[in-house]
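S.K.: my questions are about this predicted structure, shown below with the sequence.
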Amino acid sequence: MPGLYLLAILISAAGIATLDARFRLALWASPGRTLAAVGVGVAFFLAWDAVGIVTGVFLKGDSPYFTGIDIAPELPFEELFFLTFLCYLGLVAWAAGMRVLARRATQPGTDARPSQGGESS
């Protein structure tokens, strides 16, 4: 089962990266901004994790599937990968949504207004 779980995560990551590359949504459209946005998100969630660990809300637990590498006490290395993946996934989804909304706003006969921020296609 752990192998299937890992395979599912890797396929998901490859799928998101492929969609990003194909439609130039985030990393392929603006590498610097993407890395900065993902970095800020990861930093925020690492701080969130740190508070949760210090207050006793988050505990790593015991699992034979962890690498055994800890970033900090009760903070496994896998968490860094997970947070990076989630932030990147969120950014790609947001960019795709903004692109759909921008296209919808420019279609004749719609009363939607184009957004003031976001990426252009």
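M.R.: Great, that's in hand. This is a predicted model, so every value here is computed, not measured. Numbering: from 1, shown residues only.

S.K.: for this protein, what's the longest helix?
M.R.: Assignment by DSSP state H gives helix 77-106 as the longest helix of the chain.

S.K.: what are the ranges of the strands in the protein?
M.R.: Here the chain has its strands, by DSSP state E, at 70-72, 75-76.

S.K.: now those strands in CSV, with distance to Ile11?
M.R.: (Each C-beta comes from the backbone N, C-alpha and C, glycine too.) Below are the strands of the chain laid out as CSV (distance: least, C-beta to C-beta, whole Å):
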stretch, distance to Ile11
strand 70-72, 25
strand 75-76, 22
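
S.K.: out of those, the one nearest Tyr5 is which?
M.R.: The closest of those to Tyr5 is strand 75-76. By C-beta to C-beta, the value is 14.9 Å.

S.K.: and the closest one, how far out from the chain's middle?
M.R.: Centre-to-centre, strand 75-76 and its host chain are 18 Å apart (C-alpha atoms, centre = their mean, to the nearest Å).

S.K.: return the list of strands paired to that strand, each annotated with direction.
M.R.: Taking DSSP bridges as the criterion, strand 75-76 forms sheet pairs with strand 70-72 (antiparallel).
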